[in-house]
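Peer 1: here is a sequence with its predicted model. Questions after.
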Amino acid sequence: MTIFAEIQELEVQGNEAVLCTVVRTQGSTPRGAGTKMLVYPDGRISGTVGGGEMESRVVQAALEALAEGQPRLLEYSLSDPKNGDPGVCGGQMEVFVEPIKPQSTVVVVGMGHVGLAVADLAHWLGFRVVVSDDRAELCSPEMVPNADVFHPAALAELPEQVKVNAQTYVILTTRNVKVDVEGLPAILATPASYIGVIGSRRRWETTRKKLLKAGVPEAQIERVVSPIGLELNAETPEEIALSILAEIIMLRRGGDGARMGI
């Protein structure tokens with residue numbers, strides 16, 4: 001499999017890695033400009049930028065870039081190991097390391113009026129949209145034409161079918177407390193960036209008490225956002241969807257929800 005095919009597979013599976021590309025060389029170097037290597041989160045590599053100490057340093061820098069989510073340009077002189085150079089070839093190399101992060105995904109659970117509106121708006125905003133409902137007739141391309149992935153299953157089964165990571169935002173527009181109580185423990189065990197539950201404060205307090213009684217740690221329960229959405233006095237499903245996605249964009253972009261100044 002070529003590196004380009006591996007990158008495509010990463011995107012399909014929602015995984016992450018770092019693409020390392022030799023962008024400039026001068027003098028004698030182990031690999032030429034254009035050489036590529038993938039570094040996976042566990043340190044595995046595919047391809048090589050030259051091996052040895054220099055490559056080891058590239059791998060370490062790639063993992064740091066992945067953790068930060070920011071690319072960086074590395075410069076190496078391969079002349080004098082006594083002065084800290086990672087080689088003796090005599091040349092110079094520049095390597096660009098670029099984190100490949102999964103596309104941000106919105107998972108909508110519960111395909112009622114609000115769930116449908118959230119899925120449509122999330123698609124329009126450029127998110128990868130995963131929809132789920134234990135009522136299979138509501139979770140199909142015919143019912144939700146703008147979704148990318150369909151999982152007609154119980155909420156508790158969702159983490160087994162959908163890869164949930166730090167770029168995943170889970171929105172529960174579910175029909176009742178029973179569905180939430182049965183399914184939330186599995187969702188809370190994932191690294192999702194956001195877990196929101198629709199409904200009133202009273203509904204969430206009821207759900208919270210039942211989760212505690214079922215033995216779910218309070219620290220996990222505190223991850224839940226409920227009620228969800230920014231306060232827009234929204235009434236229609238589309239307006240409610242707008243308030244929910246506005247909150248997610250605020251969190252994703254580091255905003256504060258305040259009115260913009262002139």
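Peer 2: Great, that's in hand. Residues are numbered from 1 along each chain as shown.
Peer 1: show me where this structure has helices.
Peer 2: Taking DSSP state H as the test, the helices found in the chain are 3-13, 52-68, 113-124, 158-161, 177-188, 201-213, 218-221, 237-253.
Peer 1: looking at these, which is nearest to residue 25?
Peer 2: Proximity of the helices of the chain to residue 25 was assessed by Cβ to Cβ; the nearest stretch is helix 52-68, lying at 11.8 Å. C-beta coordinates here come from the backbone N, C-alpha and C atoms, glycine included.
Peer 1: hmm, who's touching the closest one?
Peer 2: Residues outside helix 52-68 that contact it (Cβ atoms under 8 Å, 6 or more residues apart in numbering) are 16-18, 20, 30, 37, 39, 41, 43, 45, 48-49, 71-72, 74, 76, 78, 81, 86-87, 93, 95, 97-99.
Peer 1: now for the nearest residue to residue 102 once chain neighbours are set aside: which residues touch it?
Peer 2: Spatial nearest neighbour of residue 102, excluding adjacent residues (Cβ to Cβ, 6 or more residues apart in numbering): residue 14 at 4.3 Å. Counting by Cβ under 8 Å, 6+ apart, residue 14 touches 102, 103, 105, 128, 163, 165, 167.
Peer 1: domain ranges for the chain?
Peer 2: Here the domain parsing of the chain from automatic domain parsing is 3-100, 105-253.
Peer 1: tell me the gap between the shortest one and the middle of its chain.
Peer 2: Spelled out, it's domain 3-100. Remark: domain 3-100 is offset 23 Å from the chain centroid, using Cα atoms, centre = their mean, to the nearest Å.
Peer 1: same check on the longest one?
Peer 2: In terms of Cα atoms, centre = their mean, the gap separating the centre of domain 105-253 from the centre of its chain is 15 Å.
Peer 1: quote the end-to-end distance of it.
Peer 2: 14 Å (Cα to Cα, to the nearest Å).
Peer 1: likewise the shortest one?
Peer 2: In domain 3-100, first residue to last residue: 12 Å (Cα to Cα).
Peer 1: tell me, what residue is most central in this protein?
Peer 2: residue 167 (1.7 Å; Cα atoms, centre = their mean).
Peer 1: re earlier: are any of the contacts of residue 14 buried, and which?
Peer 2: Among the contacts of residue 14, the ones that count as buried by 16 or more other Cβ atoms under 10 Å are 102, 105, 128, 165, 167.
Peer 1: show me those residues that map onto strands.
Peer 2: Members of the buried ones among the contacts of residue 14 lying in strands (criterion: DSSP state E): 105, 128.
Peer 1: got the buried ones among the contacts of residue 14 as JSON lines, with distance to residue 5 and pLDDT columns?
Peer 2: Below are the buried ones among the contacts of residue 14 laid out as JSON lines (distance: Cβ to Cβ, whole Å; pLDDT from 0 to 100):
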{"residue": "102", "distance to residue 5": "17", "pLDDT": "80"}
{"residue": "105", "distance to residue 5": "22", "pLDDT": "92"}
{"residue": "128", "distance to residue 5": "20", "pLDDT": "91"}
{"residue": "165", "distance to residue 5": "21", "pLDDT": "86"}
{"residue": "167", "distance to residue 5": "22", "pLDDT": "87"}
